[in-house]
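A.B. asks: structure for this input, please:
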Amino acid sequence: MLENPRSPRVRAVAKLTKRSARAETGLYLLEGPQAVREALTYRADAIVELFATTNGWEKHPDIRAKAADAGVDAVHVTDYVLGAMADTVTPQGLVAVVRQTPTAVREVFASAPRLVAICEEIRDPGNLGTIIRAADAAGADAVVLTGRTVDPYNPKVVRATTGSLFHLPVSVAADLGEVIAHAHAAGLNVLAADVKGDDLLAARAEGVLAQPTAWLFGNEARGLEDDALALADHVLKLPIFGRAESLNLATAASVCLYESAFAQRAASGS
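C.D. replies: The predicted structure is shown next:
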């Protein structure tokens with residue numbers, strides 16, 4: 001059992017809360033039973049280390065069974081050690097160190113996707129994690145991050161995905177223009193979500209949303225720059241029927257992704 005919260009091994013895990021350590025090692029931190037369960041189910045091969053308190057290990061027999069099936073051994077630690085490793089105040093008895101597994105942009109668009117979310121310079125970890133989760137729920141094929149979008153392996157992003165990070169490809173790219181070129185080459189319509197756009201309801205009526213689509217979402221405060229909007233095939237906005245000044249980015253992205261999912265399924269009869 002690991003008992004010293006200041007040991008080099010514990011400190012190495014704790015450093016993964018920092019982007020520099022994640023970039024240097026290619027690893028990231030996973031906290032809590034739900035995230036660990038999803039990792040064991042979908043990407044057990046990416047788990048490098050699994051740490052558990054006695055109570056956390058005994059409380060989740062399904063996780064013990066999944067770990068045994070995957071050949072992943074748990075290192076038992078004290079509550080103090082787990083607290084020193086974790087980013088949260090209450091890590092719920094389980095922490096894992098996981099290998100980053102981003103998907104190449106070319107692979108995303110080579111698989112004939114019908115629905116993709118492109119995130120340009122999204123800075124809030126909670127927003128990005130929620131968009132990844134919404135994309136997963138809407139049946140999207142991938143999420144692509146461009147510009148200075150927050151690191152998808154940031155602990156707050158990982159928690160906000162609630163396991164969806166393991167369910168669909170997530171790609172990290174530097175250049176938005178290159179990503180949109182790949183989307184167009186794959187036959188996708190690029191729809192930019194922006195308050196300066198046309199009414200989404202009109203686009204729905206015209207059948208635009210039923211086409212294979214890459215939704216483009218921008219920065220929480222500034223939205224999308226004009227040069228980014230110029231790359232899109234259509235710029236659309238959600239109508240505001242009440243008195244709210246605007247919608248939170250993650251909420252708006254969720255609606256847009258589901259609108260496309262509904263339209264595509266209706267068009268295909270599924």
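
A.B. asks: give me the element Arg106 is part of.
C.D. replies: Using DSSP states H and E, Arg106 maps to helix 105-110.

A.B. asks: which other residues reach the helix or strand following that helix?
C.D. replies: Remark: after helix 105-110, the chain's next helix or strand is strand 115-120, criterion DSSP H and E. Applying CB atoms under 8 Å, 6 or more residues apart in numbering, the external contacts of strand 115-120 come out as 108-109, 128, 131-132, 135, 138-147, 149, 176, 179-180, 183, 188, 190, 212-219, 224, 228, 253, 257, 260-261, 264. Using the backbone N, CA and C atoms, a C-beta is placed for each residue, glycine as well.

A.B. asks: measure stretch 104-114 end to end?
C.D. replies: 17 Å (CA to CA, to the nearest Å).

A.B. asks: likewise stretch 46-56?
C.D. replies: Start-to-end, stretch 46-56 (CA to CA) is 21 Å.

A.B. asks: mind listing what's buried along that stretch?
C.D. replies: Residues of stretch 46-56 classed as buried: 46-47, 49-53, 56 (neighbour count, 16 or more other CB atoms under 10 Å).

A.B. asks: put the alpha carbons of the longest helix along the chain into PDB.
C.D. replies: For the chain, the longest helix by residue count, based on DSSP state H, is helix 249-268. C-alpha atoms of helix 249-268 as PDB (Å, rounded to 0.1, in the frame of the first residue of the first chain):
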ATOM      1  CA  LEU A 249     -22.100  27.800 -25.600                       C
ATOM      2  CA  ALA A 250     -22.400  24.200 -24.500                       C
ATOM      3  CA  THR A 251     -26.200  24.400 -24.400                       C
ATOM      4  CA  ALA A 252     -26.300  26.000 -27.800                       C
ATOM      5  CA  ALA A 253     -23.900  23.400 -29.200                       C
ATOM      6  CA  SER A 254     -26.000  20.600 -27.700                       C
ATOM      7  CA  VAL A 255     -29.200  21.900 -29.400                       C
ATOM      8  CA  CYS A 256     -27.400  22.200 -32.800                       C
ATOM      9  CA  LEU A 257     -26.000  18.700 -32.600                       C
ATOM     10  CA  TYR A 258     -29.300  17.200 -31.700                       C
ATOM     11  CA  GLU A 259     -31.100  19.200 -34.500                       C
ATOM     12  CA  SER A 260     -28.800  17.600 -37.000                       C
ATOM     13  CA  ALA A 261     -29.200  14.200 -35.400                       C
ATOM     14  CA  PHE A 262     -33.000  14.500 -35.600                       C
ATOM     15  CA  ALA A 263     -32.900  15.700 -39.200                       C
ATOM     16  CA  GLN A 264     -30.500  13.000 -40.400                       C
ATOM     17  CA  ARG A 265     -32.400  10.200 -38.800                       C
ATOM     18  CA  ALA A 266     -35.700  11.500 -40.100                       C
ATOM     19  CA  ALA A 267     -34.200  11.700 -43.600                       C
ATOM     20  CA  SER A 268     -32.800   8.100 -43.400                       C
END
